[in-house]
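A.B. asks: A predicted structure for the sequence below; I have some questions about it.
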Amino acid sequence: MRPTFATAALPLGENDQVVLLADERVACVVDSYEAQVRCLDTDGTVVGVFGRTGEGPGEFGSVSYLARGEKGTVGVHDLELGRFTVFEPSGAHVSDVMMPVSLFLPLRAFSTVVSGVSLDYTAMLGGETSGSLMTRFDVNIVTGEVIREEPSPSALGMSRAVRSSTASRTGPGNGSLWPAKVI
């Protein structure tokens, strides 16, 4: 029996804790209880298991999102440590980089750059804000350099996007809410 990576109730593209890798034969899933990532092929064979609780290389404080690398790698975002780590499906460590802000939500795919947004939850809950509801960041995963930092063009437009945040991160044109501006 082949494993089921997604269901109609929770399609794979809307689950931040599961990612289908570029070859579409391996899927990785978060085991939050063990602070691990498990990668399985379409036959259900374990390809790799990696991670544990901690702050060192290959360790996680809180695995919050998985992302698909263009070369068959898996990106693991650790919200607690503010770090994005890239692994081979076998568990071999490729690289890691600190994110520029603590509440960084990566998009579902990356190459040499990971893109994502930072949300101002205080503003979303009706509190005072010093700027935009959302800011997009593009970060080089090797150097940690912020290549682009772009506040959302309007609070009104972004509040609609926040209400459907899964669609804005995983749907078509997931970067189209921001005009291109490289820093």
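C.D. replies: The structure has been received and is ready for your questions. Numbers count the residues shown, from 1 in each chain.

A.B. asks: Okay, now the unreliable bits of this structure?
C.D. replies: 1-16, 121-131, 154-183 (pLDDT under 70).

A.B. asks: switch to 80 and redo it
C.D. replies: 1-17, 22, 102-103, 119-133, 152-183 (pLDDT under 80).

A.B. asks: And the strands in it?
C.D. replies: 18-20, 26-31, 36-41, 46-50, 63-69, 74-78, 83-87, 93-98, 104-106, 109-110, 113-119, 134-140, 146-151 (DSSP state E).

A.B. asks: any idea which of those strands is most buried?
C.D. replies: The highest average neighbour count among the strands of the chain, using mean count of other Cβ atoms under 10 Å, belongs to strand 74-78 at a mean of 24. (Glycine included, C-beta is placed from N, CA and C.)

A.B. asks: Relative to it, what are the paired strands and their orientations?
C.D. replies: Sheet pairing of strand 74-78 (DSSP bridges) gives strand 63-69 (antiparallel), strand 83-87 (antiparallel).

A.B. asks: which ones are touching the nearest residue to E34 once chain neighbours are set aside?
C.D. replies: Closest residue in space to E34, ignoring its immediate chain neighbours: R52 at 7.3 Å, by Cβ to Cβ, 6 or more residues apart in numbering. Taking Cβ atoms under 8 Å, 6 or more residues apart in numbering, we find R52 in contact with E34, A35, Q36, G58, E59, F60.

A.B. asks: do you know how far R52 is from G72?
C.D. replies: As judged by Cβ to Cβ, to the nearest Å, R52 and G72 stand 23 Å apart.

A.B. asks: Correct me if wrong: L81 contacts F60.
C.D. replies: Yes. Here L81 reaches F60: they are 7.1 Å apart, a contact under Cβ atoms under 8 Å.

A.B. asks: Look at S102 and say how many residues are nearby.
C.D. replies: The local packing of S102 (other Cβ atoms under 10 Å) involves 10 other residues.

A.B. asks: Contacts only, for it.
C.D. replies: Residues L79, G82 are the ones in contact with S102 under the rule Cβ under 8 Å, 6+ apart.
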